[in-house]
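>>> Sequence and predicted structure, then a few things I'm wondering about:
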Amino acid sequence: MTVWTRQHTMRKRLPIIIAYLALLALSLPIPLLHHLQTDRAIESLRPFIKLDDGSWSPMLMPVPILLLRSLGQLSWLLPLVVLAMFFLSFWREVFTRFSPICALAICQCGFTTLYALYATSLFGYEWLNRVT
């Protein structure tokens, strides 16, 4: 393979590499923020019951809170899927086309929107009920 052919191939692949790296960078905030901040907020919403001796005992978490925790754990799959498709794009031509990259971006946007809406509505509802 000549130097010109390698440079031409690399220039041709550069937009695909940039697209996958951008998708990877955009897929990391939700899992990282969930791990660093949301888990603590979820734990602070754990209900407690006062026992007869005056001590407090933690109770089981409500299902909506557990669903948010599960969504946060599921969000770690997004960067893994992006990385898998990125590495597969070096061997399979189908992953270098516009449609898989666009489908991945749409799925990522949909999941991020779902997570953000659910977390906002859940925390808003929980904190408003604690104030009243």
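Everything's here; your move. Residues are numbered from 1 along each chain as shown.
>>> three-state assignment of residue 60?
When classified by DSSP: H, G, I helix; E, B strand; the rest coil, residue 60 comes out as coil.
>>> Mind listing what's buried along stretch 44-58?
Neighbour counts over stretch 44-58 (16 or more other C-beta atoms under 10 Å) mark residue 45 as buried. The way it works is simple: take the backbone N, C-alpha and C, and place the C-beta from them, glycine included.
>>> Next: stretch 60-80.
Those would be 61, 65, 68, 71-72, 75, 78-79, for stretch 60-80 by 16+ other C-beta under 10 Å.
>>> Quick one: mean pLDDT for that stretch?
Average pLDDT, stretch 60-80: 90.
>>> how much distance is there from it to the middle of the chain?
Chain-centre distance of stretch 60-80: 10 Å, with C-alpha atoms, centre = their mean, to the nearest Å.
>>> want to throw the buried residues of stretch 60-80 into a markdown table with secondary structure and distance to residue 51?
Converted to a markdown table, these look like this (DSSP: H, G, I helix; E, B strand; the rest coil; distance: C-beta to C-beta, whole Å):
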| residue | secondary structure | distance to residue 51 |
| --- | --- | --- |
| 61 | coil | 19 |
| 65 | helix | 22 |
| 68 | helix | 28 |
| 71 | helix | 32 |
| 72 | helix | 31 |
| 75 | coil | 36 |
| 78 | helix | 42 |
| 79 | helix | 43 |
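>>> nearest to residue 54, of those?
Using C-beta to C-beta, residue 61 is the member of the buried residues of stretch 60-80 that lies nearest residue 54, at 23.5 Å.
>>> Now do the phi/psi pair for the closest one.
phi -80, psi 150 (degrees, to the nearest 10).
>>> try the one 5 residues further on
Geometry field for residue 66 lists phi and psi as phi -70, psi -30, criterion degrees, to the nearest 10.
>>> Can you list the low-confidence ranges for this structure?
Within the chain, the ranges that satisfy pLDDT under 70 run 1-11, 126-128, 130-132.
>>> element containing the residue of it most remote from its centre?
Each residue of the chain has a distance to the centre, and by C-alpha atoms, centre = their mean the biggest one is for residue 53: 42.8 Å. Under DSSP states H and E, no helix or strand contains residue 53.
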